[in-house]
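Novice: need a structure here:
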Amino acid sequence: MNLAHKILIYAAALVSFATFIISVIFYFSLTDVTKEKTLSELEFINQTKKDDFIEILENLRSNVIALEQTPPIKPIARAYQSKQKVDPVTGESLKIWSDRLSQIFKGLLKANPHYSQIRYISVHDNGLELIRVERSKKNKIIVQTEKQKKGDRNYFKKSIKQRPGQVYLSPIELNREYGQITVPYQPVIRAGIPIYVKNKVQGIIVINKEMDWFLNQFEKGFSKHTSSYMFDHKKNFLSHPDPKLQFRLDLRNITKDPISEPPGWSLAKSLIQSNNKSRQLSTTIEGHLLSLTIYNYNNDSPDSFLAFVTRTPTWRAFAIPYQVMMQAISAVLICLLLLLPFGFVLAKQFSLPLASFTENMRRYRETGKYTQPNHFKFNFQEAREMGESFAELTKTIENQKLQIVDQQKQMATQEKFAALGVLSAGIAHEINNPLAIIKSYLDSLRISSRANKLESEQIDKFTEKMQSAIDRIQSIIQGLKTFTKGDNDGELYPLKVYDLIKVTSQFVHAKSYRKIKFTVDEIDPNLQVMGITGPLSQVITNLLNNAFYAAEKTPDPWVSLKVEATEDSVSIKVKDSGNISTEIVEQIMDPFFTTKPEGQGTGLGLSISRNIVDKHKGELFVDEAEPNTCFVVKLPKV
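Specialist: This next block holds a predicted model:
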């Protein structure tokens, strides 16, 4: 594949990628708009259903208030309390007034086809029904002669506690007769109003309104893929697209179905507890866009509520933007295919001079020499200028490379001299001690000789002490030979870790750190690593010198050196009583970084030490798991 083809492919890929990115951005922007529009539609549906429900309640409330104000109501209450069952005010019997009220009830049932019952219930005789007019299964309106006692019903207890003219609206629930749920199931809502005579409650008027028609209508959405459901504060589904879920709380003694939270239950509770006056919330939940509206229609129970929920699958909000995005991508790809021939000619015009320039750069990379092309086709002036600039750049790079190499050699030499200086100070200290012993015993021999007091035992004692000092000096010199052993032209060879540690640590500690507690754990004398003595001694010297410098500033200074071996490697650990922060650890190996005062450190010791360890195929790092500062040199084991 030549350069022209590559340019063409890259350009096509770039255009395609840019098109895709722009399409995605447009897609998400359009998705946000579509999502907001969809949520607004759901809110509108919810509000419409809520308004329909409120209209039903207002009609029910006004009807029960109107019944309470009809003429037969109070005479019936007075007549029922009298022994003769005659109203003491009008003189008419209870039966006459009851017949009149029954006719009123029948007329209201005829005018409202969804009213199933209207009753006059007395507070006496455990809530006995005095008048009961109801719609039969054949849609006939009859006056029921069989009366029931409703004193234990919740709507009765709530209604008699209302103030004059105040209406109690019960929850929507399944109708019961004689304490049993009627079959077929009949969801109803009851409106009850108290009857006051001389400021005392004598009974209530109750209207039962069938709600199955409203609940069935409630399940239907305004558009395809949109559904609605409603639940109350008891987690009871009043309406749901799946009929099996409706009133499952009321029916649990029959169906034995488990009761779980309706979708949106936690949102409804949080919305009630919030300061949201609109009691409305729109969000995304369980793969659906959902609108939730909370409505409490009964002031008598502030904790009770109805939750109106309308939802639609989330993909509905993404379908149109996705189609638009795919159409845009398709259009761009078609245009791209039509422009391919023109793009190929243009790419070839650019590729010929660039190919020539690339060939010269390849030659420079392989041989280190750059040859400026004699000419560029198509008069590509920019490529010619680029070639000339690169030629100048290569000359500058070569000069700078030579300067950098010289500087690196000088810095490495300085660090070697610094390490040698540390060792020299220790060597001088170590040799001075046995020399002082020899000088002392020579002086003693000279004095005894002049006084003619030399004895053979004394001579043997003096010569033995001096021989011991000489042996000590020989041991130090032997250590120096090990330290300065040749590097075999840079080739790694097996060396004993014991000898390396013993000599180096001895000289560094002897320099000026006698007051610092220094411990070296026992080292296996046969343990070997692949390396070169001189450079590795420089590394250990640098680490020990840094450790003594850092420990000197702590209240209880100490430095320890420990060697740990595994099957494949040997780790030399140098620890001190100081500690090092995470920020410093991140840059401690960087060239020219130092924690010492200006003029006391170059900042190159650890950088050069790491380079030495790298050349030995090992690692130099800070063990941050240790509580104190711990540098680790990890080398391959022989």
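
Novice: For the rest of this, base every contact and every neighbour count on C-alpha atoms.
Specialist: Fine.

Novice: Count the neighbours of Gly192 for me.
Specialist: By the criterion of other C-alpha atoms under 10 Å, Gly192 has 31 neighbours.

Novice: Which neighbouring elements make contact with whatever helix or strand it lives in?
Specialist: Take DSSP states H and E as the rule and Gly192 turns out to sit in strand 187-197. Packing partners of strand 187-197 (3 or more C-alpha pairs under 8 Å, 6 or more residues apart in numbering; DSSP states H and E): helix 3-68, helix 73-81, helix 154-159, strand 168-169, strand 173-174, strand 200-210.

Novice: and the angle from it to strand 200-210?
Specialist: 160 degrees (axes from the mean of the first three to the mean of the last three C-alpha atoms, to 10 degrees).

Novice: related to what we said a few turns ago, tell me the most buried of the helices and strands packed on strand 187-197?
Specialist: Greatest average neighbour count among the helices and strands packed on strand 187-197 goes to strand 168-169 (a mean of 26), per mean count of other C-alpha atoms under 10 Å.

Novice: Neighbours of Ile588, how many?
Specialist: Per other C-alpha under 10 Å, the neighbour tally for Ile588 reads 20.

Novice: before we move on, back to that, who wins for proximity to Val520 among the helices and strands packed on strand 187-197?
Specialist: Of all the helices and strands packed on strand 187-197, it is helix 3-68 that lies closest to Val520, at 62.6 Å by C-alpha to C-alpha.

Novice: Do a quick rundown of the strands in the stretch 251-400 of the chain.
Specialist: Counting by DSSP state E, counting those that start in this stretch, the stretch 251-400 of the chain has these strands, from start to end: 280-285, 288-295, 306-313.

Novice: The shortest one pairs with which strands, parallel or anti?
Specialist: What it means is strand 280-285. For strand 280-285, the paired strands and their directions (DSSP bridges) read strand 288-295 (antiparallel).

Novice: Kindly calculate the angle that the strand it pairs with makes with strand 306-313.
Specialist: Going by the same axes, to 10 degrees, strand 288-295 makes 170 degrees with strand 306-313.

Novice: Residues contacting stretch 38-51, please?
Specialist: Stretch 38-51 is contacted from outside by 218, 221-222, 282-283, 289-293, 295, 308-311, 317, using C-alpha atoms under 8 Å, 6 or more residues apart in numbering.

Novice: Pipe the helices and strands packed on strand 187-197 into a markdown table and attach mean pLDDT and distance to Leu543 per row.
Specialist: What follows is the helices and strands packed on strand 187-197, written out as a markdown table (pLDDT from 0 to 100; distance: least, C-alpha to C-alpha, whole Å):
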| stretch | mean pLDDT | distance to Leu543 |
| --- | --- | --- |
| helix 3-68 | 79 | 52 |
| helix 73-81 | 93 | 107 |
| helix 154-159 | 92 | 88 |
| strand 168-169 | 92 | 88 |
| strand 173-174 | 88 | 85 |
| strand 200-210 | 95 | 92 |
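
Novice: Kindly state which of those is positioned closest to Pro263.
Specialist: Judging the helices and strands packed on strand 187-197 by C-alpha to C-alpha, what sits closest to Pro263 is helix 3-68, at 15.6 Å.

Novice: Would you agree Gln148 is in contact with Asn126?
Specialist: No: counting by C-alpha atoms under 8 Å, Gln148 does not reach Asn126; the two are 9.5 Å apart.

Novice: Select only the buried ones of the contacts of stretch 38-51 in ChimeraX?
Specialist: Command for ChimeraX that selects the buried part of those, burial taken from 16 or more other C-alpha atoms under 10 Å:
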select :218,221,282,289,290,291,292,293,295,308,309,310,311,317
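
Novice: Would you point out the most distant pair within the contacts of stretch 38-51?
Specialist: Longest span within these, C-alpha to C-alpha: Tyr295 and Ala317, 27.2 Å.

Novice: so how many other residues sit close to Ser449?
Specialist: By other C-alpha under 10 Å, the residues close to Ser449 number 12.

Novice: er, Gly605 actually
Specialist: Residues near Gly605, counting by other C-alpha under 10 Å, number 27.

Novice: Per-residue pLDDT of it, please?
Specialist: Per-residue pLDDT puts Gly605 at 71.

Novice: correct me, but it touches Asn542?
Specialist: Yes: using C-alpha under 8 Å, Gly605 is in contact with Asn542, at 6.5 Å.

Novice: sorry, back to before: show me how far the strand holding Gly192 is from its chain's centre.
Specialist: 55 Å (C-alpha atoms, centre = their mean, to the nearest Å).

Novice: Thanks a lot, catch you later.
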